[in-house]
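*Asks:* okay, here's the prediction I keep looking at, along with the sequence it came from:
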Amino acid sequence: MLAGRHILLVIGGGIAAYKALDLIRRLKERGVQVTPVLTGSGAEFVTPLSVSALAGEEVHRTLFDLTAEAKMGHIELSRAADLVVVAPATADLIARAANGFAPDLAATLLLATDKRVLLAPAMNVRMWEHPAVRRNVEMLRRDGVLFVGPNEGPMACGEFGYGRMAEPLEIVAAIEAALAPASRALAGRHILVTSGPTQEPIDPVRYIANRSSGAQGTAIGAALAAQGARVTFVTGPASVPPPAGVEVIRVETAAEMLDAVRAALPADAAIMAAAVADWRVAAASDQKLKKGEDGPPTLTFVQNPDILAAVAGLSLGRPRLVIGFAAETENVLEHARAKRRRKGCDWILANDVSPATGIMGGAENAVTLITADGEESWERMGKDAVAARLADRIARALA
C-alpha cells in the first residue's frame, strides 16, 4: 500500500539515528520515495553519504542553500511529500515544533508543511518524563501531530525506561496507518465516551481520586471522531486535555458524571473509559478538617453509583453497544470476565495496571477484549493505537 508514496524523512541528532538507516531501507523495499533531511546534530551520528546512498536522493542539510532557496526550496520540500516523518524526534525538535521555532531547515519544514507529521521520539527516560517535554507532546497531539513510540527498554546511557525510538517496522506500520484512506465508517453515529478520574471531596481542599491520566479515554474520543462519529466526551479532572472535535462535558464527581451520561443519551454506543471512584465520603465537610488531639477524623464511606451498570441495564434508550474497562492488578482476566457478566455490558477491555506495568498514567496499554463470543489479547502498543483498533471494531459492530 506504500508503493509510489513520498516520505520526507527528518533525521534528528541522537544515537537512535542509526535506526533511520534501516527505516530508509524498509521504506525503499516497499517502493517508497524517501527524501532525507539531516540535522546538524544528526550528522554527528550518521553520515550524509550513508543516508544518501540508501535513499538514492540528495540529503538536504541547510536552510541557507542558495541554489535551493532561489526557488523557495524549503517550501517545496515541505509540501511535495505525502507525509513528514521525524525519526529520531529529539526533545529539541519536539520543542521547536510545539512552540513554532524555526532556526534550521528541519524545524522550518515542520512549520511550512501542509501535510501530516509523524514523530518517533527518542531521548533519555528522564527527558521523556520531564513536564516540559510532556507539555510539548500534548500540545502537538492537540495540533494533530501523530506519534509512534517511544518504547521501553535499556538505553545507550545505561538507564532503563521509556525513551527508546520505535523500531523501523513499527514506524513503517505507523506510516501505513497515517496514509491509509480516511475512514468515515462512524459518520452519523453518536458515541458517548467517559474519561479520566473522578474526585470525591472530603473537605474543601482534600479529595479521593486515582492515578488515571485520562490518556486512553482521550485517545478513544479522538479515534472515534476521526472516523466521523459525533462524540460526547464526559471527563473528570484528567491531566491529559480532551480531544479536538468532540463535545466536552467536564465533571468532578461520580454523581455528576452519571447525570452527564444520562443527559447525553441516547447514543449508538457508550465507552466507559473513566476510572470512577468506587466510594465517596458520606458527608463531606464544608470546612477544612483540622488536626486534633483526638487523632485523625473518622471518615464514613458510601458506595458511588455504578455508571457502567446503569447504562448497560437500561430497558429504554440503551446504546446498542456498551463497553467497559476492567483495570486490575491481579487475576486480570478472571475479574474482567466476572465484571462483564455482573455489569451487563457487551464488551470489556481488561488491562493489568499493577505498578510494574507502567500502564496507569503511562503512554502505552496492553488489553484483552472480552465479548460474549470470545477473547482477543492485543499486544502492548501506544494508547492511540489501542484507540484506533477499538474504533475499527466498534465501526464493524455497528455496521
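*Replies:* Perfect, I can see it now. Numbers count the residues shown, from 1 in each chain.
*Asks:* list the buried residues in the top helix by length along the chain.
*Replies:* If you go by DSSP state H, the chain has its longest helix at helix 383-398. Neighbour-count burial for helix 383-398, counted by 16 or more other CB atoms under 10 Å, picks out 383-391, 393-395, 398. For glycine as for every other residue, the C-beta is placed from the backbone atoms N, C-alpha and C.
*Asks:* low-confidence stretches in the stretch 151-300 of the chain?
*Replies:* The stretch 151-300 of the chain contains residues with pLDDT under 70 at 181-183.
*Asks:* the helices in it, which residues?
*Replies:* Along the stretch 151-300 of the chain, the stretches classed as helices by DSSP state H, counting those that start in this stretch are 168-179, 215-226, 254-264.
*Asks:* and the ones you listed as a markdown table, adding distance to G100?
*Replies:* A markdown table is the format used below for the helices of the stretch 151-300 of the chain (distance: least, CB to CB, whole Å):
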| stretch | distance to G100 |
| --- | --- |
| helix 168-179 | 22 |
| helix 215-226 | 22 |
| helix 254-264 | 36 |
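*Asks:* which of those sits closest to E376?
*Replies:* Among the helices of the stretch 151-300 of the chain, the nearest to E376 by CB to CB is helix 215-226 (16.7 Å).
*Asks:* could I get the contacting residues of A178?
*Replies:* Taking CB atoms under 8 Å, 6 or more residues apart in numbering, we find A178 in contact with 83, 116, 118, 146.
*Asks:* between those residues, which is nearest A273?
*Replies:* Nearest to A273 among the contacts of A178, with distances taken as CB to CB, is L146, at 20.8 Å.
*Asks:* how about the strands in the stretch 1-150 of the chain?
*Replies:* Here the stretch 1-150 of the chain has its strands, by DSSP state E, counting those that start in this stretch, at 6-11, 33-38, 83-89, 117-121, 146-147.
*Asks:* going by mean pLDDT, which of the ones you listed comes out lowest?
*Replies:* Between the strands of the stretch 1-150 of the chain, the one with the least mean pLDDT is strand 146-147; it has a mean of 88.
*Asks:* residues near the closest residue in space to G56 that isn't next to it in sequence, how many?
*Replies:* Excluding the flanking residues, the one nearest G56 by CB to CB, 6 or more residues apart in numbering is K28, at 7.2 Å. By other CB atoms under 10 Å, 14 other residues sit near K28.
*Asks:* what number of residues lie near P201?
*Replies:* 16.
*Asks:* nearest spatial neighbour of it, skipping sequence neighbours?
*Replies:* P201's closest residue in space is A284 (CB to CB, 6+ apart), at 4.4 Å.
*Asks:* cool, and S195?
*Replies:* Spatial nearest neighbour of S195, excluding adjacent residues (CB to CB, 6+ apart): G217 at 2.4 Å.
*Asks:* which ones are touching the one you found?
*Replies:* For G217, the contacting residues are 193-196, 233, 235, 238, 271, 273-274, by CB under 8 Å, 6+ apart.
*Asks:* swap the cut-off to 10 Å and go again
*Replies:* When contacts are counted by CB atoms under 10 Å, 6 or more residues apart in numbering, G217 is found next to 193-196, 233-236, 238, 240, 242-243, 271-275, 325, 383, 387.
*Asks:* contacts for stretch 123-130, please.
*Replies:* With CB under 10 Å, 6+ apart, stretch 123-130 has contacts from 12, 14, 16, 88-94, 121-122, 133-134, 136-137, 149-150, 152-153, 155-157, 159-165, 363.
*Asks:* please redo it, this time with the cut-off set to 7 Å
*Replies:* 14, 90-91, 121, 133, 150, 155, 157, 159, 161-163 (CB atoms under 7 Å, 6 or more residues apart in numbering).
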